[in-house]
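# Fold the following for me, if possible:
(chains A and B)
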Amino acid sequence: MSVLRLEWISKHFGAIQALEEVSLSLEPGEVLGLMGDNGAGKSTLVKIIAGNYRPSDGRIYIGDVQKDFHHPIEARESGIEIVYQDLALCDNLTAATNVFLGRELTRSFGPFRVMDFGSMNAAAAKLFKELKSETRPKDLVRDMSGGQRQAVAIARTRLASAKIVLMDEPTAAISVRQVAEVLNLIRELKHQQIAVILISHRMPDVFAVADRITVLRRGRKVADKPVSETTPEEVTGLITGAIQAA
Amino acid sequence: MTSEDKPKEFASLDDAIDWQTHSYFSRILNKQSFWVFIAAAIACLALAIVTDTFATPQNLFNVTRNFAFVAIVALGMTVVIISGGIDLSVGSTLCLSAMVLAILMNAGNPLWLSALAAIASALLVGLVNGLLIAYLRIPPFVVTLGMLSLARSAAMVLSNNKMVFQFGPDEKLLFWLGGGSSFGIAHPVIALVLLALLTGFMLKWTRWGTHVFAIGSNERAAGLTGINVLGLKVSVYMCSAFFAGVAGVLEAGWLGGVTTNLGQSMELSVIAASVIGGANLMGGAGTVFGSVVGAALIEVIRNSLILLGISTFWQGAFVGSFIILAVAFDRLRALRDESR
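Numbering: from 1, shown residues only, chains lettered A, B, ... in the order given. I've put the predicted structure just below:
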C-alpha cells in the first residue's frame, strides 16, 4: 500500500499555472528522484506535500486517508518531514540539542523541569549509529562537516518517526566525499522503510540512490519510471523537452 | 597539512561517536570570559602590589558594590544579545523603576508594594519593547532607542523632574536593602550573585534558555522546529527590563535619593560588560560569568585610575578599546575558522 498518493494535483497562482494534474504515488522504503528544470514545479509540488501551499485542485492521501493540510504542522503530524537545503540547523548548539530542538527531553529538578542532556545525548548517539554516521552528539554543529550536518538534519526526521522525508538538494553544496556520506544516509532511511523524495539537479546522485524517477516540465509530469528502465541521457532530454514524454 | 586534517581511524562506529573532540581544559581556554577573568585578576593583583589602597576591605567593598548595578543589568542584556537583539532602553528603565518606587514610598506606601509596582513598570516597558520588536518586526535598535527617550521622559513627568529623597515610613528598610550589607558583603552584590546563578541556570538548564540561543543563531530554523519565536522574543525583552527594574530599586536604596538622570548612558557600560565578557552582538553567544567579569573589569579599571592618580577621563578610552578588542578577537577567531 502506498504511503503517499497524489491525485490530479493542480496549482495556479493567479494566471500562472504552476502544476497541472500531477499524480504520484510512493511506497514505503521507496526513494523517488524528483527532477526538472528551474520553474518546472518541483518546489511547488514539495510545498504542497509539506503543507506550505494548498493545491488549487486534486487530492492528497497519506496511507489511505485523504488529507487537506492548512499548515506545515499538520503535514508534520501526518509523518511528513522536510530536510531543507540549508538544513535549518543552529550551529551554536550541539548535534544532540539540534536533533531535539523544540521537543527537548526534560526531567524534574525540585520544582523545575530541566533539560535532560544525558538522555538526549544518548538518544542522539543511537540515531547517528542507526544512520551509520560518525557524528558525535556533544559536538557543536559549527565544527561539523557537511555530511555530519546532513546526519543531524536527518536524525531530526527520525526522531519524529517520519514516514516520508522530503529532501531538497541535499548534495548541492558539499564535497565529493560528503556526497557519498549523504547518499548512504538516504540508503539507511530506505532500509528503515521510510519513503524519500529526493529533489536534485545532480543526475549521478539520483541514479545512485533512487528507485524511480519522476520528471516535471512546465508543471506537468512527463515521465515516471524505474531507474533501471531509463538513462541519464533520456532524463536530460525529458527535462529540457528534447524528448516530449516517456 | 596538520594531524587534525587526517581522518581518525576508529575500531568501531561507537568509538567514533563517543570520541571527545575537546577536553574540558581546552574548552575553558577557548572561552573569552576566561581570558577576561585572567585580565581582571592580573589587574587586581598588580594594583594590590603597586598601591596600598586597593586591597583594603573598604575599597574592595566599594568596588564590588559599584559594579553590582551594572552587572545585574548586564545579565538581562546578555540574554537579549544572545537572542540576537539589543536593548538600549535599560538605563531609562532603571530610572523609571527607581522613580516609581520613590514616588510611591514618598506617598507613604510600604516598600514591598512600591518595589512590586516599580518592577511592574519596568516589565511594562519590556513588554512594549518585545511586542513591537516581535510582532511589528521593528528592529530592536530602533524600538529600544525610542524607548530610551520615552521611559526617561515618563520618569520626568511622574516626578515633575524633582529629586525624591524622602521615602516615608519604610525609608530605613530601603536604605538597608540597597546600601546595607550582610556578612561584610554589600546587598547589591548578594543580589547580583543570586540573580547571576538564576540566569545561568535558566540559560543552561531550561528549554527557554536553549531556545534563546537557538533564535540568536538561526531564527528561521528555530521557527521551523515549532518554537514560539515571537513569544520568546517578548520574554527576552521583559527579562532585560526585569533586571533593570531590580537594579533601579537597589540603586535607589543605595543613593538615598532618586533624580531623573539616574542610569543615564548606563546602557553603554552594560553593553560593554556583556560584549567584553564574550556576548556576540550578532547573536547566539554569551555567558553570565562573562558579563559579570566584564562589568568587574570595567569597574576595576575605573578604580585603578583613581587610586593611581590618573584622570578618570581616561576610563572611556580603556572601556572603548576593550569593546573593540573583544570584538576584534572574535572576528579573528571567525576568520581563522573559515580558512581552516
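# what residue lies at the spatial centre of chain A?
Centroid-nearest residue in chain A: residue A:166, 1.7 Å away (criterion: Cα atoms, centre = their mean).
# and that residue, what element?
Taking DSSP states H and E as the criterion, residue A:166 maps to strand A:164-168.
# Quick check: which helices or strands does that strand pack against?
helix A:42-49, strand A:80-83, strand A:195-199 (3 or more Cβ pairs under 8 Å, 6 or more residues apart in numbering or on different chains; DSSP states H and E). To be clear about C-beta, it is placed using only N, CA and C from the backbone, and glycine gets the same treatment.
# quick check: mean pLDDT across it?
Averaged across strand A:164-168, pLDDT comes to 90.
# Where does chain A get nearest to chain B, which residue?
Per Cβ to the nearest Cβ, residue A:102 is where chain A lies closest to chain B, at 3.3 Å.
# do you know how far that residue is from residue B:207?
9 Å (Cβ to Cβ, to the nearest Å).
# With residue A:173 instead?
Where residue B:207 is concerned, residue A:173 sits at a distance of 31 Å (Cβ to Cβ).
# For these two, indicate the residue with more neighbours.
residue B:207 (19 against 10; other Cβ atoms under 10 Å in any protein chain shown).
# Show the backbone phi and psi for the more buried one.
Residue B:207 adopts backbone torsions of phi -60, psi -40, taken as degrees, to the nearest 10.
# which residue packs closest to it, ignoring adjacent ones?
Counting by Cβ to Cβ, 6 or more residues apart in numbering or on different chains, the nearest residue to residue B:207 once its immediate chain neighbours are dropped is residue A:104, at 5.0 Å.
# Show the contacting residues for the one you found.
A:97, A:115, A:116, A:120, B:207, B:210 (Cβ atoms under 8 Å, 6 or more residues apart in numbering or on different chains).
# Once you drop chain neighbours, what's closest to the first one?
Nearest in space to residue A:97, with sequence neighbours left out and distances taken as Cβ to Cβ, 6+ apart, is residue B:210 at 6.1 Å.
# quick one on the thing from earlier: chain center to the strand holding residue A:166, what's the gap?
Here the centre of strand A:164-168 is set off from its chain's centre by 1 Å, with Cα atoms, centre = their mean, to the nearest Å.
# what does the stretch 51-200 of chain B have sitting close to chain A?
Applying Cβ under 8 Å from any Cβ of the partner chain, we find that the stretch 51-200 of chain B lies next to chain A at no residue.
# And the residue of the stretch 51-200 of chain B closest to chain A?
Counting by Cβ to the nearest Cβ, the stretch 51-200 of chain B gets nearest to chain A through residue B:82 (9.1 Å).
# Tell me which residues touch that residue, please.
With Cβ under 8 Å, 6+ apart, residue B:82 has these contacts: B:203, B:212, B:213, B:216, B:279, B:280, B:283, B:284, B:285, B:286.
# what about the last one, how many neighbours?
By that I understand residue B:286. 28.
# Repeat that for the second one.
Taking other Cβ under 10 Å as the neighbour definition, residue B:212 ends up with a count of 29.
# Pull up the gap between it and chain A, please.
According to Cβ to the nearest Cβ, to the nearest Å, residue B:212 and chain A sit 11 Å apart.
# so is residue A:187 in a helix, a strand, or just coil?
Classification of residue A:187 using DSSP: H, G, I helix; E, B strand; the rest coil returns helix.
# Let me know the helix or strand that residue A:152 is in.
Per DSSP H and E: helix A:146-159 holds residue A:152.
# now for that helix, which elements pack on it?
Packing contacts for helix A:146-159, counted by 3+ Cβ pairs under 8 Å, 6+ apart, involve strand A:80-83, helix A:95-100, helix A:117-130, helix A:176-191.
# redo that, cut-off 6 Å
helix A:95-100, helix A:176-191 (3 or more Cβ pairs under 6 Å, 6 or more residues apart in numbering or on different chains; DSSP states H and E).
# check contacts around residue 115.
I'll assume chain A. A:104, B:205 (Cβ atoms under 6 Å, 6 or more residues apart in numbering or on different chains).
# my bad, chain B
Per Cβ under 6 Å, 6+ apart, neighbours of residue B:115: residue B:249.
# Near chain B, which residues of chain A are found?
Chain A has residues A:88, A:90, A:92, A:101-102, A:104, A:114-115, A:125, A:128-129, A:134, A:136, A:139 near chain B, with proximity defined as Cβ under 6 Å from any Cβ of the partner chain.
# Widest-spaced pair of those residues?
Farthest apart among these by Cβ to Cβ are A:114 and A:134. That separation is 29.5 Å.
# picking up where we left off before, among the helices and strands packed on strand A:164-168, which comes closest to residue B:184?
strand A:80-83 (58.0 Å).
# Report the distance from that closest one to the chain centre.
5 Å.
# just stretch B:248-267 next, same as before
When distances are taken as Cα atoms, centre = their mean, stretch B:248-267 is centred 16 Å away from the chain's centroid.
# can you list the residues that contact it?
Here stretch B:248-267 has contacts from B:69, B:88, B:90-91, B:94-95, B:97-99, B:101-102, B:115, B:118, B:155-156, B:161, B:163-165, B:174-175, B:177-179, B:188, using Cβ under 6 Å, 6+ apart.
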